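S.K.: Sharing a sequence plus its predicted fold:
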Amino acid sequence: MSDSKKRLIVVGDRVLIQPEEGEDRTKVGLYLPQTAVDTQAVQGGTVLATGPGNPVSAPTELDEEPWKIGRSGSEPRYMPLQARIGDYAIFFRRAAVEISFEGDRYLVVPQAAILTLVREEDESSEDLLPF
């Protein structure tokens, strides 16, 4: 095998998360109730990468037969995910899949399993509640 550098590519509506371990208060200041921590119902971590989102077809292709769709040479279109790199995510632990990549431990979580995101405020944060 060659010594080429490998990279991890997240697909679909999945999010790659660096998990935060074992405390009831997260690094971003959220308090997780002891019942949630004990049963590992929820967990938190930092979003490291996201997939492109859910694939959607172009409106002009809706009337086409399924075998003709995609032959026009158009690029695939995706509905983007809400999670962004750097967000802190609270998610259902049961939905996460643990992986190890080049010695580091990560969790791959479907966006539907994410309960809430904490994001640094900036101009593009119009989708967040002002708490």
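M.R.: In hand now; what should we look at? Numbering: from 1, shown residues only.
S.K.: alpha carbons only for contacts and neighbour counts from here, please
M.R.: Fine.
S.K.: Using PDB, write out every CA atom in the host helix or strand of residue 98.
M.R.: For residue 98, the enclosing helix or strand under DSSP states H and E is strand 97-101. Listed next in PDB are the C-alpha coordinates belonging to strand 97-101 (Å, rounded to 0.1, in the frame of the first residue of the first chain):
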ATOM      1  CA  VAL A  97     -22.500   4.900  15.300                       C
ATOM      2  CA  GLU A  98     -19.000   4.900  16.800                       C
ATOM      3  CA  ILE A  99     -16.100   4.700  14.500                       C
ATOM      4  CA  SER A 100     -12.300   4.900  14.800                       C
ATOM      5  CA  PHE A 101     -10.300   6.600  12.100                       C
END
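S.K.: Who does whichever helix or strand comes after that strand pair with, and is each partner parallel or antiparallel?
M.R.: With elements assigned by DSSP H and E, the helix or strand that comes after strand 97-101 is strand 104-110. Strands that pair with strand 104-110, judged by DSSP bridges, come out as strand 14-19 (antiparallel), strand 97-101 (antiparallel).
S.K.: what's the most buried one of those strands?
M.R.: Compared across the strands paired with strand 104-110, strand 14-19 shows the largest average neighbour count, a mean of 24 (mean count of other Cα atoms under 10 Å).
S.K.: Pull the residues that contact it.
M.R.: Identification of contacts with strand 14-19 by Cα atoms under 8 Å, 6 or more residues apart in numbering yields 10, 43-51, 53, 83, 89, 105-111.
S.K.: Format the CA atom coordinates belonging to that strand as CSV.
M.R.: Taking C-alpha atoms only, strand 14-19 is exported to CSV below (Å, rounded to 0.1, in the frame of the first residue of the first chain):
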residue,chain,number,x,y,z
ARG,A,14,-24.9,12.4,8.4
VAL,A,15,-22.8,14.5,10.8
LEU,A,16,-19.3,13.6,12.1
ILE,A,17,-19.0,14.5,15.8
GLN,A,18,-16.1,14.5,18.2
PRO,A,19,-17.9,13.3,21.4
